[in-house]
Every structure is written in C-alpha cells, then in structure tokens.
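Engineer: here are the coordinates; sequence isn't available:
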Ligand SMILES: Nc1ncnc2c1ncn2[C@@H]1O[C@H](COP(=O)(O)OP(=O)(O)OP(=O)(O)O)[C@@H](O)[C@H]1O
C-alpha cells in the first residue's frame, strides 16, 4: 500500500552534482540555443575589457609622467590613450546593455519552458498523489524554485565564465612580476569558497525542513485574504486567531532564516577580512618595489589595480560557484519531481485474458488511500450490464465516491480490478474518454457559459446548439436565458463583468458539462445535492430519457431517487452489503430498507 506514496527526498536521492550539471546544461541550451550562444559571446568580450582597461591605465600614467618630463610626442600619445579608454568604456556599456536584454529574453523563455514541464508532469501524475502532503511539499519547492533556479544557474554560470577569463588575464599580469602573487591570490579565496558551499548546503536543508511550515503560512495567509473563507471568518470572528497563528508560523520560519543569514554573513565577513589583510600586505610590497625604483609609477598603479580587481573578481567567481552549487541542490528537487512515477506497475495496460465480456465487472476491489493501512473499499465485487442505471447508496464515508473513482481508473486498487468490456485500466488513463462525470466537488470554471459547458467535449467547444441541448437537459436554460449575454456571459466573480451563480446554478452548469460529452458512461456523484426540490424531481423524472443508451452510476443520499435505478449497490464501511432493485431491497428488509423508511418518515404527514 506504500507503492503509490509520493517519494520522499533524502540524501540517497540526491545525485552527484556533476551529473545534475550534465543534465541541466543541455536542457537550458535546448530552450534557447541562439540566445545562449549570444550570451556566451557577450560575456567573453566583457571578460577582456578589464585587462584592456588595466593596460590603458598603465599607458596613461606613464604617458602623464612623460608629459611632466616634457618628452616629445607625449601629449599626442596621452590623448590617443584617453580616446581608447573612452572607446573601451562605450564598448563595456554597450555589451552590458545587450547582455541584460539577452538575459531577460532567455529568462522568459526558460521560465516558460520550466513551468510548462512542471505543468505537463502534474497532468500525468496519479490522482492519489494529490491527496498527500508530501506531494504539495515537493510541488511547492519546485514551483517556487522554478522561476529562479534553473535560470539563475545560467546567469551565475555566465558571470563565472566572465570572471574566470578576467581573472586569467590579471593573474598573468601578476605572475609576470612574481608567480607567488598569482598563486597566493587564488589560495586566498579557497576558504571563502568552502564557507560559501557550506552555507549553500545549510540554506538548502533549511528550505526543505521549512517547506511544510511555509505551506501552512501560505494557507493561513490565503484564508485571511480569499473570498471563500471571508464569510465564515467574519461571522465566527476568526481573524485574530488565524492572524496570530499566521504570525507565529511566519516568524518561526523567518527567524530561522535571519539567524542563518547572520551566521553566514559573519563567516563570510571573517574570511573576506583575512583575504583583504593579505592583499594589503602585497600592496605594501609593491609600494616598496616602487620606492626602490624597481617599478615605474604606471606599473605600480596597474599592478595595484590588478590586485584589487583580481581579488574582487575572485570573490565574485567564488560566490558564483557557491551559488551554482546551491542552485544545483535546489534543481535536484525539480528533477526528483520530474522523476515521480506517473503510473504504478499495477496500472499497466492488460486485458483480463477472459472472453470478452460486455459491461463492467468489478472483482474483489480493495483500495486504501496511501499512508492509510485501513482499506476504504474491501473486497467489493459486482457486475453492471450495458446501459444499466446503477445507484450507489450508503452512509457518509461508506466509500461511494472512492468506488466511482476506482471504476473510472482515477485510483488504482491495491487488489482486485475493474474491467470494462473485458479490458482493465489503460496505462495512460485512456479509460477517461469513456466517462462523463459530475463530481461532488465539481469545478466552477470562471469562463463563459458556453465554455463552462463546452469543456465537456473540447472538439465541440464552440457548438452553441449542442450547448443549448446540454443546458436544457441539466435544467439550466432558464437562468442562462435571463443572463445579460446568455451563453457568452462570463461566470464567477473573479474577473471583470463576471456573473456569480448560486451553488445550485453552478451544479446545473456542471450537469450541463456532463451531458455535453456524449460518453458511454455517465457518473453523477450527488448531482442534485444543491438543486431545489422541483429541479431535482424534474431531473429524476427525466433521468431515464436523459441517460438513454448510456450506462449510468449515480451516488445519492435521496433514496427516493433510487426508484429510477435498475440496480442499487448498498455500501457500508467499504463493503458491498446489499444489491438489487428498489423493491428487492425493500423486501430484503435490511440496511437499505431501514435507510429508506427513516428518510420517508420525514415526508409523511403526522396524524
Ligand atoms: N483523499 C483521501 N485521503 C484519505 N482518505 C480519504 C480520502 N478521501 C476519502 N477518504 C476516506 O475514505 C472514506 C470514504 O470516503 P468517500 O468519499 O469515498 O465516502 P462517501 O461514501 O462518498 O462519503 P459521502 O457520502 O460523505 O460523500 C472516508 O472515511 C474518508 O475519510
């Protein structure tokens, strides 16, 4: 029963960082190869500019010294160098502007692609995942991360590339004086790199540990702001309580983050301070050489600048390296999400191997929700003949909705099977196209009436005549005709000019959607729970006609409506305890008869 649980992330599931790198780079490259190439080109050019500027500075200072010494031609030479400096500055500005634009365009493309991949994945995951908190934890990490992570790696990588080239140029200049200068500069930043990598790991661990709490923070924040809860929040005066909870959880997480940030900054400050002191010692050494006449003024200025820039660029490179490392850890969540199994082995397409039977056969069906040891359906078996109208009844929590989800292959049973015309569930949920459905918690699509009904069959989405027929079957025509733009009226309060419906009217739209799809099987899970008595009576009276030629399952607590059914299944605590027609079950004088008698007493006139 653990097979369909959302896989948890642990250390063993974190692949080698270099493997992640090998997976991410080609993926990002594929998203925008042109922009990727231009970016690399721009960053390489930008990397050459600091060395060029350094050379020009040295030339200029030595030129100025020549001017002071009144050497011939020194003025022209200095003006020429200043001109070159201007050109280098303009080139640097131009490249930076282009780079920013190219990066913005790449980000949009990558953001879209990474989100699209997550959306595609969500649509393929088994429905049971959506019932588990681990799924939402993982989704939260992926959704929040996706907008920054993959693309940040790209940005940091390009910056790193640029720094590495800039540093290489500067190290050559330093090594020309003495190779220990170059080696020393590199060694100096290694502690900073190690500290940053450690901080990255701590941040990642903190993010994973805080996910559930931060989802609670989001949930409470939604409760405090959204429309659904606004009424009860006011009437029950829940704001102070919810706000207090929200504040506590918010600061629990935020406090830990601030503490980690403080510790991290202190460590980084310490490491950078040491490297700064050593750099100062080297500057002092250069000063000494200049004092002894072993360096020209221009060379001193150039080397001094090289030293400062090398240190600065090395720190940037190190920070980028550790950021890349951190981003890779986060991207690992993304890959873990993408590698979630889309269907368990039990769902693989197979036929029963039996002779092709007609109708639906449910055999020894046992189903438990992931993480629950007690099955919700226990060894349920029954047959449904083609075109039969089946009612499923039972008390709250008996397993009625779960049963219909298993029949539709939305859930896969741990034992037993459901076959339709001799075939078991298909790997890609190909069974769905045979079903039309109104769920208990149907979706209130904030689209036009035409589309809300037309979503029943996308191939006929704009077919007005067909939508009118479906709306009439669902008893929705009357209120649609009264709306300002009839079938073109936008439904719901979320968008401008939206028209809110009553819950019963929404249910009629959902029914219309079910009728719009011309499916072989119709499943109605308490389809009249919000309908008024007249609308409900009309629906049941016409039920046979509305569902003519189709096999129908209807879950209902109104046992009076079951008289219209050809076959009734009575569930209790996940077991099928009775089945038969209305009259057969009354004659049996068991659970069904008791429920029916209890309910009908309400409608009898007292003597
Ligand atoms: N997503 C879920 N995860 C875990 N348990 C669930 C889930 N959905 C339902 N259950 C449990 O399964 C049992 C059967 O639920 P189900 O919704 O199938 O009952 P039902 O007969 O349709 O009830 P009702 O008449 O109230 O709609 C209940 O005990 C419920 O707590």
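Structural biologist: Perfect, I can see it now. This one's a predicted model, so the numbers in the text were calculated from it and none came from an experiment. Numbering: from 1, shown residues only.
Engineer: contacting residues around residue 474?
Structural biologist: Taking C-beta atoms under 8 Å, 6 or more residues apart in numbering, we find residue 474 in contact with 508, 509, 511, 512, 514, 515, 539. Backbone N, C-alpha and C define where each C-beta goes, glycine included.
Engineer: hmm, 7 Å instead?
Structural biologist: 508, 511, 512, 515 (C-beta atoms under 7 Å, 6 or more residues apart in numbering).
Engineer: So which of those wins on neighbours?
Structural biologist: residue 508 (29 neighbours; other C-beta atoms under 10 Å).
Engineer: Near the ligand, which residues of the chain? Just list them.
Structural biologist: 131, 369, 372, 376, 394, 396-402, 440 (C-beta under 6 Å from any ligand atom).
Engineer: Please repeat the previous calculation with a cut-off of 8 Å.
Structural biologist: Within reach of the ligand by C-beta under 8 Å from any ligand atom, the chain has these residues: 128, 130-131, 369-372, 376, 394-403, 405, 440, 525-526, 555, 557, 571, 574.
Engineer: Among those, the buried ones, what's the ChimeraX command?
Structural biologist: In ChimeraX syntax, the buried subset of these is picked out as below (16 or more other C-beta atoms under 10 Å):
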select :128,131,369,370,376,394,398,399,400,401,402,403,405,525,526,555,557,571,574
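Engineer: Restricted to strands, list the residues of the chain next to the ligand.
Structural biologist: Cross-referencing the residues of the chain next to the ligand against strands under DSSP state E gives 394, 525, 555, 571.
Engineer: just these now: which is nearest the ligand?
Structural biologist: Nearest to the ligand out of these is residue 394 (C-beta to the nearest ligand atom; 5.5 Å).
Engineer: Return the residues in contact with the closest one.
Structural biologist: 400, 570, 571, 572.
Engineer: re the thing from before, out of the contacts of residue 474, who's nearest the ligand?
Structural biologist: Looking across these and measuring by C-beta to the nearest ligand atom, the closest to the ligand is residue 511, at 17.6 Å.
Engineer: Could you measure from the residue sitting nearest the centre point of the chain over to residue 119?
Structural biologist: Compute the mean C-alpha point of the chain, and by C-alpha atoms, centre = their mean the closest residue is residue 143, 3.5 Å away. Using C-beta to C-beta, to the nearest Å, residue 143 is found at 10 Å from residue 119.
Engineer: How about residue 153?
Structural biologist: The gap separating residue 153 from residue 119 is 21 Å, by C-beta to C-beta.
Engineer: Pick out whichever of these two has more residues nearby.
Structural biologist: Between residue 153 and residue 119, counting by other C-beta under 10 Å, residue 153 is the more crowded of the two (25 against 10).
Engineer: who's in contact with residue 578?
Structural biologist: Each residue near residue 578 by C-beta under 7 Å, 6+ apart is listed here: 570, 585, 588, 590, 591, 592.
Engineer: Have a look at the protein and report its longest helix.
Structural biologist: If you go by DSSP state H, the chain has its longest helix at helix 239-291.
Engineer: Where does the nearest residue to residue 334 once chain neighbours are set aside fall, secondary structure wise?
Structural biologist: Leaving out its chain neighbours, the residue that sits closest to residue 334 by C-beta to C-beta, 6 or more residues apart in numbering is residue 142, at 5.3 Å. For residue 142, the host element (DSSP states H and E) is helix 133-146.
Engineer: Not counting that helix itself, show me its contacts.
Structural biologist: Contacting residues not belonging to helix 133-146 are listed as 6, 8, 114-115, 118, 129, 207, 211-212, 215, 330, 333-334, 337 [C-beta under 7 Å, 6+ apart].
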